[in-house]
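Asks: need coordinates for the following:
(one chain, ligands or ions: 1)
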Amino acid sequence: MEITEIRVFLKEGQDKKLKAYVTVTFDNVFVVRNIKVVQGSEALFIAMPSRKMKNICPGCHFKNEAGSRYCSHCGGTIPPDAGEIKTTDAKADHRDIAHPITRQFREYLQTRILEAYKKEAATGKCSGSLSSAEVTSGVED
Ligand SMILES: [Zn+2]
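Replies: Below you'll find the model as predicted:
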């Protein structure tokens with residue numbers, strides 16, 4: 001599988017850690033949006049798109065997507081204030097929507113994305129062609 005297009009949407013200034021959103025096209029036929037470029041403590045890294053799993057079904061205790069009104073496991077109604085999961089492991093609340101399953105492909109993906117990000121960051125801040133509304137659509141953070 002090859003990366004055929006990478007589009008970088010810089011987000012600098014709003015969040016110190018979140019540097020950009022990236023849309024990646026694979027083999028000209030498959031697109032993954034909302035991959036994030038994040039400034040870690042030592043280096044930049046990428047975060048795959050994920051959804052917050054927060055609303056616990058009172059009937060079966062299945063963790064549903066944040067904001068869900070009905071349980072996707074048993075179909076029961078979820079109260080709007082259904083318990084936020086209290087956990088010290090923040091990652092437990094997020095599930096990747098799409099992600100590489102081999103280390104090699106993850107490294108290839110990350111390398112290509114960070115290259116594209118650095119190029120975009122170096123050439124100016126006004127290149128993102130999408131409106132801010134489009135850039136933020138679907139982003140839950
Ligand atoms: Zn349920």
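
Asks: flag every residue of the chain that's near the ion.
Replies: Proximity of the chain to the ion, by Cβ under 5 Å from the ion, involves residues 57, 59-60, 62, 71, 73-74, 76. (Each C-beta comes from the backbone N, C-alpha and C, glycine too.)

Asks: got a ChimeraX select line for the buried ones in those residues?
Replies: Entered in ChimeraX, the line below selects the buried ones among the residues of the chain next to the ion, by 16 or more other Cβ atoms under 10 Å:
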select :57,62,71
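
Asks: out of the residues of the chain next to the ion, which comes closest to residue 27?
Replies: residue 73 (33.7 Å; Cβ to Cβ).

Asks: quick one: contacts for that closest one?
Replies: 57, 60, 62, 64 (Cβ atoms under 8 Å, 6 or more residues apart in numbering).

Asks: a markdown table for these, including pLDDT?
Replies: Converted to a markdown table, the contacts of residue 73 look like this (pLDDT from 0 to 100):
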| residue | pLDDT |
| --- | --- |
| 57 | 88 |
| 60 | 93 |
| 62 | 89 |
| 64 | 86 |
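
Asks: now, those residues that are in strands?
Replies: When DSSP state E defines the strands, the subset of the contacts of residue 73 inside them is residue 64.
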